[in-house]
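Visitor: Fold the following, please.
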Amino acid sequence: MKAPELATQRLVLDPAAAGDLRNRLRTDPQAGVRQAARQFEGMLLHLMLKSMRDATPTSGVLDSEQSRFFAAIGDQQLAQELASQAPLGFAGLIERQLARQRGGVVQTVPPALGSGSPAQSVLPARRPLPAVAADQPEVPRAAAATPDARADSAQRRRDFVDRVWSHAVEAATRTGVPAHFLVAQSALESGWGKRELRMADGSPSFNVFGIKAGRGWSGATVEVQTTEFVDGMPQSVRAKFRAYDSYAEAFRDYAQLLSNHPRYASVIGQQDGVQFARSLQRAGYATDPMYADKLARIIGGSTLRQALSAA
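Guide: Below you'll find the model as predicted:
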């Protein structure tokens with residue numbers, strides 16, 4: 001049997017390790033995510049070793065504060081070396097989760113709710129989310145530091161708010177939800193208008209909430225390649241989404257979706273941004289485990305406030 005290649009592991013006390021990991025994440029994100037996942041599994045293994053050592057009685061001439069210190073360092077090193085072999089399988093799970101968060105994922109209604117009653121047929125599906133934090137400018141990393149790129153991104157968000165604000169106010173009167181909550185959700189779903197669904201001829205569908213066209217929908221549709229989660233795993237599929245003639249129609253349809261279906265009863269009238277986001281997720285609007293957090297960050301973040309104040 002081949003011996004584990006432990007000699008390639010770095011010392012846990014190496015002060016350059018953290019900087020090297022940051023550089024790896026910048027230059028080779030996939031390898032960096034894998035390295036971070038292995039380090040996290042190493043931390044879990046070290047906690048296990050520490051618990052076992054704490055439960056073992058120690059006595060004798062070799063037992064001292066200094067010996068316990070070096071034993072702890074040895075346990076950390078052993079844990080990192082064991083983690084390089086991924087004995088528990090946690091590293092793989094962590095790596096997949098980190099990769100989804102870095103690269104953005106698409107969340108949809110669970111397949112069990114995708115067919116059946118009319119209420120199920122109108123549940124919304126997710127489109128790809130930005131790879132950056134939810135309330136940060138969605139600009140390429142290389143351009144993020146340039147004033148022109150920041151100005152363009154800020155202007156795009158202001159333009160988006162200009163287009164939808166009056167319709168959000170109208171929808172707010174029907175749902176009892178503050179208008180800026182609705183703007184925030186439409187911004188999350190559409191990437192501040194950058195990822196709006198478009199018809200085959202390039203014209204806009206105005207669907208900024210990612211609502212699917214179920215069997216009860218008789219209006220126009222747009223069919224695109226999207227991603228759905230089935231049993232926790234993403235699958236690429238072709239799906240039909242509702243198409244509207246205007247943003248006003250899109251917001252009215254969204255307000256009707258929330259108002260007419262009992263599953264969204266806890267969403268109606270919400271005045272707290274965090275609870276609004278969590279209620280949507282609990283009701284099945286999205287299966288992305290981070291969806292509520294992303295939406296809450298936009299609602300309470302400076303990006304939305306700046307866009308609203310400048311619009």
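Visitor: which regions of the stretch 51-200 of the chain sit below the pLDDT cut-off?
Guide: 54-62, 65-66, 69, 83-146 (pLDDT under 70).
Visitor: one more time with 80
Guide: In the predicted model, the stretch 51-200 of the chain carries pLDDT under 80 at residues 51-152.
Visitor: For the helix ranked longest in the chain, name the packing helices and strands.
Guide: Using DSSP state H, we find that the single longest helix of the chain is helix 147-175. Packing partners of helix 147-175 (3 or more C-beta pairs under 8 Å, 6 or more residues apart in numbering; DSSP states H and E): helix 179-190, helix 247-260, helix 302-310. All C-beta atoms are positioned from the backbone trio N, CA, C, and that covers glycine.
Visitor: Which of those sits closest to residue 225?
Guide: Residue 225 lies closest to helix 179-190 among these, at 16.7 Å (C-beta to C-beta).
Visitor: now the angle between helix 247-260 and the closest one, please.
Guide: When axes from the mean of the first three to the mean of the last three C-alpha atoms, to 10 degrees is applied, the directions of helix 179-190 and helix 247-260 differ by 110 degrees.
Visitor: List of residues touching helix 179-190?
Guide: Outside of helix 179-190, the residues within contact range by C-beta atoms under 8 Å, 6 or more residues apart in numbering are 126-127, 129, 134, 157, 160-161, 164-165, 168-169, 171-172, 175, 193, 196, 208-210, 251, 254, 270, 273, 276, 280, 294-295, 298-299, 304, 308.
Visitor: now these: which count as buried?
Guide: 126-127, 129, 134, 157, 160-161, 164-165, 168, 171-172, 175, 193, 196, 208-210, 251, 254, 270, 273, 276, 280, 294-295, 298-299, 304, 308 (16 or more other C-beta atoms under 10 Å).
Visitor: tell me the phi and psi of residue 270?
Guide: When read as degrees, to the nearest 10, the backbone of residue 270 gives phi -60, psi 130.
Visitor: quick one: pLDDT of the residue nearest to it when sequence neighbours are not counted?
Guide: Nearest in space to residue 270, with sequence neighbours left out and distances taken as C-beta to C-beta, 6 or more residues apart in numbering, is residue 276 at 4.0 Å. At residue 276, the pLDDT value in this model is 96.
Visitor: what do you get for residue 29?
Guide: Residue 29 carries a pLDDT value of 72.
Visitor: how many neighbours does it have?
Guide: 15 (other C-beta atoms under 10 Å).
Visitor: What distance do you get for it to residue 288?
Guide: Distance, residue 29 to residue 288, by C-beta to C-beta, to the nearest Å: 20 Å.
Visitor: Now do stretch 246-261: everything it contacts.
Guide: 119, 122, 124, 163-164, 166-168, 170-171, 174-175, 177, 182, 186, 206-209, 211, 242, 244, 264, 267-268.
Visitor: Please convert the buried members of these into ChimeraX selection syntax.
Guide: Selecting the buried subset of those in ChimeraX, with 16+ other C-beta under 10 Å as the burial test, is done by:
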select :119,122,124,163,164,167,168,171,175,177,182,186,206,207,208,209,211,242,244,264,267
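Visitor: ranges for the strands of the chain?
Guide: Under the criterion DSSP state E, the chain contains strands at 221-230, 233-242.
Visitor: With distance to residue 219 as extra columns, can I get the helices and strands packed on helix 147-175 in a markdown table?
Guide: Below are these laid out as a markdown table (distance: least, C-beta to C-beta, whole Å):
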| stretch | distance to residue 219 |
| --- | --- |
| helix 179-190 | 19 |
| helix 247-260 | 9 |
| helix 302-310 | 30 |
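Visitor: Would you mind telling me which of the ones you listed is nearest residue 148?
Guide: Distance to residue 148, taken as C-beta to C-beta, is lowest for helix 302-310 among these, at 17.2 Å.
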